[in-house]
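1. Using only what follows, build the 3D model:
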Amino acid sequence: MEFAELLNIPRVCATEKTVFKKLFYENGNVSPADRRLFTENVGRIVWECCLKPGNINIQPYQDETRDYPEVEVLTVELKTKKCLGRIAETILRTIPYPMLLIFEKETQCQFWMAHLRQNGNDAEKTTMEPPLHSGWFSENSNVWQALDIRKCRFTNFYDFYTDWFDTLSIWMVHYFVGTQNMQELSGEQARAALAAKALKEKQIADLRAELKKETQFSRKAELSMKIKELQMKDWSVTNDYT
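-> Numbers count the residues shown, from 1 in each chain. Sure, this is the predicted structure:
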């Protein structure tokens, strides 16, 4: 797939260089178990694009907590879809730049993003804030149009990446909710709604696990009722998500 073209990234930003997995083994503080995850599940990793002041009209950003000199786009061709969270976090932590990480498996893709900030105790280290991932979508999804970089602010790389991050958050809520009007929805509200959805799904999964082990009829009926109540509960966007 032509990722730069799909996102309207200027061709001059393309790098299209292979990133060898040993980079993560040597610099990512990777355990033997994590190394096996890469060996068994990851095929080719490609550094698709590097957006920097020399090739795009966006300025670096730096303050007391963040240093965003550029933004990267990496793709990972997968052998399987297993353990993506651990693989994504390893990549996002190892490469200390804001990144759009794209997993690719056949005709499906999945985005991962995370803001970074400098470690308060060690300026040489970066801390990854809670990551955001899109779930799987098809190559024909409208997410590519949503993340068209021309819709982002070009003031500096922090503003640019924040707009990208917020847009993905809002797109995900739109994807799950459907036709609901979200013109006024902020990225923060979208992430709060997604967190509510994730919490609801975890509660249902926990109750189902408990139901599977339960032997008393009255307790099984009680658990089933709780599951149905949660399933009927609306998690979609409201003014309560702030």
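2. Touching stretch 98-112 from outside, list them.
-> 1, 3, 7, 48, 68, 71-78, 80-81, 84, 88, 91-92, 113-116, 131-139, 141, 143, 147, 157, 161, 164, 168 (Cβ atoms under 8 Å, 6 or more residues apart in numbering). For every residue, glycine as well, the C-beta is placed using N, CA and C.
3. Just the residues you listed: which are in helices?
-> 3, 84, 88, 91-92, 143, 157, 161, 164, 168 (DSSP state H).
4. Just the buried residues of the contacts of stretch 98-112.
-> 3, 7, 48, 68, 71-76, 78, 84, 88, 91-92, 113-116, 132-134, 137, 141, 143, 147, 157, 161, 164, 168 (16 or more other Cβ atoms under 10 Å).
5. And the furthest pair within the ones in helices among the contacts of stretch 98-112?
-> Distance extremes for these: the farthest pair is Leu84 and Phe157 at 25.8 Å, using Cβ to Cβ.
6. tell me the strands in this protein, going along the chain?
-> 14-18, 42-51, 61-62, 67-68, 71-78, 99-105, 108-113, 116-118, 126-128, 132-133, 137-138 (DSSP state E).
7. in its sheet, what does the third one sit against?
-> What that stands for is strand 61-62. Partner strands and pairing direction for strand 61-62 (DSSP bridges) are strand 67-68 (antiparallel).
8. Quick one, grab the pLDDT at Ala196.
-> Here the pLDDT value assigned to Ala196 is 83.
9. Return the distance of it relative to Ser186.
-> Per Cβ to Cβ, to the nearest Å, Ala196 is found 15 Å from Ser186.
10. about what we covered before: wait, which of the ones in helices among the contacts of stretch 98-112 is closest to Lys202?
-> Leu84 (17.6 Å).
11. Count the residues that sit near the nearest residue to that closest one once chain neighbours are set aside.
-> Closest residue to Leu84 apart from its sequence neighbours, by Cβ to Cβ, 6 or more residues apart in numbering: Phe103 at 6.1 Å. Number of residues near Phe103 (other Cβ atoms under 10 Å) recorded here: 24.
12. next one: the one 4 residues further on
-> Thr107 is surrounded by 9 other residues when neighbours are defined as other Cβ under 10 Å.
13. contacting residues around the spatially closest residue to Gln59 that is not a sequence neighbour?
-> Spatially, and ignoring its direct neighbours in sequence, Gln59 is nearest to Asn156 (4.6 Å; Cβ to Cβ, 6+ apart). The neighbourhood of Asn156, defined by Cβ under 8 Å, 6+ apart, consists of 58-61, 68.
14. Can you select the buried ones from the residues you listed in ChimeraX?
-> Here is the ChimeraX command that picks out the buried ones among these, judged by 16+ other Cβ under 10 Å:
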select :58,61,68
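15. ok, of the contacts of Asn156, which one's closest to Phe20?
-> Of the contacts of Asn156, the one sitting nearest to Phe20 (Cβ to Cβ) turns out to be Tyr68, at 25.1 Å.
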